[in-house]
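*Asks:* here is a sequence together with a model predicted from it:
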Amino acid sequence: MTTIDLPAGEGTRPGRARDLIGSEWTKLWSVRSTYWVLLCAAVTAIGIGAVVADADVGDWPRMSPAQRAAFDPLSDPYVGFMIAQLIFGTLGVLSITGEYSSGLIRTTFAAVPARRAVLAAKAAVVTAVTVPVGAAIAAATFATGQAVLSRRHVGLSIGDPGALRSIGAATFYLLAVALVGLGLGVLLRHAAAAIGALVTLLFLAPQLIHGTARWVVDIADALPGDAIRRLVSLHAQHGALSVPQAFVVISVYPVVLIGAATLVIHRRDA
């Protein structure tokens, strides 16, 4: 593990901050799991999206006029993001829990007593990795899916309404989920527990919360999965969140969890 020698109280100076971010960058890329996680996310998102689009192309001749009118060519290629989101969340979790499980987090905090600076550096590195990789995956997912759909002349171009928004929203969502994973990793300090919490939030909760009661609908609308589906869809369902509301919902989760992690990491023993 790479550490840096920072005197107490100096962890937030500009030069020291650069050294700290560099150290965290080296840590993240020094483990093979980082490469495999990102590769799996790309293959999953792009591959599943292409398969779903191909299924739509095959079903198109059998669709009724009503089904064709309701078809959403924007959302289907992003189906693979249901798995990719968990993979990016896992990247955030592993960026901190590996040090907790090995006990090396004590070495990190001994070298950098300003624990909040350590968390900020990890968040900066996760962001620096997630944004460009997530944008590339989102763009490739859109392009591949629309290329498949174009065989039935129902694909979209990058200039069509909602296209650029979907790529930007998908990128933003992957970043948000990765930071949520980082926050959960700090709060729970155990990879399995943090990943289990991610699965509950991203997969189980949407499956369990169904109904027409107002409070049930409100809870469902507050889940990140519903928000991203709104942002990568052309046709908004009745009563769905607006685009700005969906962005706000997604933003709340990393803000709250990273905020909670900032408080906990400073007060709790390593």
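*Replies:* Received it, and whenever you're ready, just let me know what you need. Numbering: from 1, shown residues only.
*Asks:* give the buried residues for stretch 17-37.
*Replies:* Neighbour counts over stretch 17-37 (16 or more other Cβ atoms under 10 Å) mark 17, 19, 20, 21, 23, 24, 25, 27, 28, 34, 37 as buried. In this view, the C-beta of every residue, glycine as well, is placed from N, C-alpha and C.
*Asks:* now the element after the helix or strand hosting the first one, going C-ward?
*Replies:* So the one you mean is residue 17. Counting by DSSP states H and E, the element that carries residue 17 is helix 14-29. Using DSSP H and E, the next helix or strand after helix 14-29 towards the C-terminus is helix 32-59.
*Asks:* next structured bit after that next one?
*Replies:* In N-to-C order, the element after helix 32-59 by DSSP H and E is helix 65-70.
*Asks:* what separates stretch 89-103 from the chain centre, distance-wise?
*Replies:* Mean-position distance between stretch 89-103 and its chain equals 16 Å (Cα atoms, centre = their mean, to the nearest Å).
*Asks:* export it as PDB, just CAs?
*Replies:* These are the backbone C-alpha positions of stretch 89-103, laid out as PDB (Å, rounded to 0.1, in the frame of the first residue of the first chain):
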ATOM      1  CA  GLY A  89     -21.300   1.200  -6.400                       C
ATOM      2  CA  THR A  90     -19.100  -1.700  -5.600                       C
ATOM      3  CA  LEU A  91     -16.100   0.300  -6.900                       C
ATOM      4  CA  GLY A  92     -16.900   3.000  -4.300                       C
ATOM      5  CA  VAL A  93     -17.300   0.400  -1.600                       C
ATOM      6  CA  LEU A  94     -13.900  -1.300  -2.400                       C
ATOM      7  CA  SER A  95     -12.100   2.000  -2.500                       C
ATOM      8  CA  ILE A  96     -12.300   2.100   1.300                       C
ATOM      9  CA  THR A  97     -13.300  -1.200   2.800                       C
ATOM     10  CA  GLY A  98     -10.200  -3.000   1.600                       C
ATOM     11  CA  GLU A  99      -8.200  -0.800   4.000                       C
ATOM     12  CA  TYR A 100     -10.600  -1.400   6.900                       C
ATOM     13  CA  SER A 101     -10.600  -5.200   6.400                       C
ATOM     14  CA  SER A 102      -6.800  -5.400   6.200                       C
ATOM     15  CA  GLY A 103      -6.200  -2.900   9.100                       C
END
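*Asks:* average pLDDT for it?
*Replies:* The pLDDT scores in stretch 89-103 average 92.
*Asks:* what do you get for stretch 29-41?
*Replies:* Rounded mean pLDDT across stretch 29-41 is 91.
*Asks:* thank you, goodbye.
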